[in-house]
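Q: my questions are about this predicted structure, shown below with the sequence.
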Amino acid sequence: MNMVWIKKRMANKFYILFFIFSCGFYSTLGSLPVHIDSIYVHPIVNESAEYSISAQLADNISENLINENVIKITDWDLADSRLEIKILEVKDTPNIYGVNTNNEYSQVDEWKITIISKVSWLDVVKNEILFENNIQSFGIYGNSSDMNIDGIDNDGDNLFDNNDADEFGPPREGAIRIAVEKLSREIINQITSTW
C-alpha cells in the first residue's frame with residue numbers, strides 16, 4: 001500500500017511539472033521580446049492632405065496600447081523601443097457605382113477611403129528594426145447625411161447602421177474614424193505578433 005501511495009505522489013508531481021512547463025512555454029509565444037518593456041510613439045508624420053488623421057491615429061494608438069496593456073508608453077530617452085508612423089496617402093476611390101433614377105448616367109453610390117502608412121518599430125536596446133511595413137486600412141461611406149442610416153457595412157464587420165456602434169456621424173468623417181481605428185489595431189497586432 002505504501003508503494004501505491006508513492007506512485008500516486010510521483011504521478012501528481014509529474015503532472016504538476018508538466019502543467020507548469022507547458023503553460024510557461026505557451027504564455028511566451030507571441031509575446032514581446034524579453035528586454036522590451038516600453039515604447040515611445042514618435043509624432044506621426046502626415047504626408048496627406050487630411051491633417052486631422054495624424055492626431056486621431058496618435059490618440060488611438062496610445063489608447064489601444066494602454067487599454068490592452070501591451071507595453072508601457074514612455075519618454076523618448078527612457079524607451080526600450082520606438083514606433084515611427086508615416087501616413088503616406090489618404091485616398092477616396094469609388095467603391096460601388098449605381099445608375100440615377102432616370103437611367104441617364106452612372107453615379108458613385110459608395111466610396112472607399114484608404115489610409116496608406118509606413119510603420120517602423122525599432123529596438124533601441126539592440127539597435128535593430130523589429131519590423132518595417134506598409135500598412136493600409138479602409139472605411140466605406142455612402143452619399144447619405146448620416147452613416148447610421150446609409151445601409152452600408154462601413155467597416156466590414158457584417159454589422160449595419162444601428163447594429164454597429166462605430167457607424168455614426170457624417171459619412172466621410174466616420175469612414176476616416178473607422179479606417180484610423182483599423183490601422184491602429186493592425187499596428188498593435190503587428191507589435192504583439194513580432195516574436
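A: That came through, no problem.
Q: extract the CA atoms of stretch 90-105 and return them as PDB.
A: The C-alpha coordinates for stretch 90-105 follow below in PDB (Å, rounded to 0.1, in the frame of the first residue of the first chain):
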ATOM      1  CA  VAL A  90      -5.300  59.100 -47.900                       C
ATOM      2  CA  LYS A  91      -7.400  58.500 -50.900                       C
ATOM      3  CA  ASP A  92     -11.000  58.300 -51.800                       C
ATOM      4  CA  THR A  93     -12.000  55.900 -54.600                       C
ATOM      5  CA  PRO A  94     -15.400  54.800 -55.900                       C
ATOM      6  CA  ASN A  95     -16.400  51.500 -54.400                       C
ATOM      7  CA  ILE A  96     -19.900  50.900 -56.000                       C
ATOM      8  CA  TYR A  97     -21.500  52.600 -58.900                       C
ATOM      9  CA  GLY A  98     -25.200  52.900 -59.500                       C
ATOM     10  CA  VAL A  99     -27.500  54.500 -62.000                       C
ATOM     11  CA  ASN A 100     -29.600  57.500 -61.300                       C
ATOM     12  CA  THR A 101     -33.400  57.200 -61.200                       C
ATOM     13  CA  ASN A 102     -33.800  58.200 -64.900                       C
ATOM     14  CA  ASN A 103     -31.100  55.700 -66.100                       C
ATOM     15  CA  GLU A 104     -29.300  58.700 -67.700                       C
ATOM     16  CA  TYR A 105     -25.900  58.300 -66.100                       C
END
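Q: so for it, what gets flagged as buried?
A: 90, 95 (16 or more other CB atoms under 10 Å). (C-beta placed from N, C-alpha, C; glycine too.)
Q: same thing with stretch 117-133?
A: 117, 119, 121-124, 130.
Q: just the ones in strands from the residues you listed, please.
A: 117, 119, 121-123, 130 (DSSP state E).
Q: thanks a lot, see you next time.
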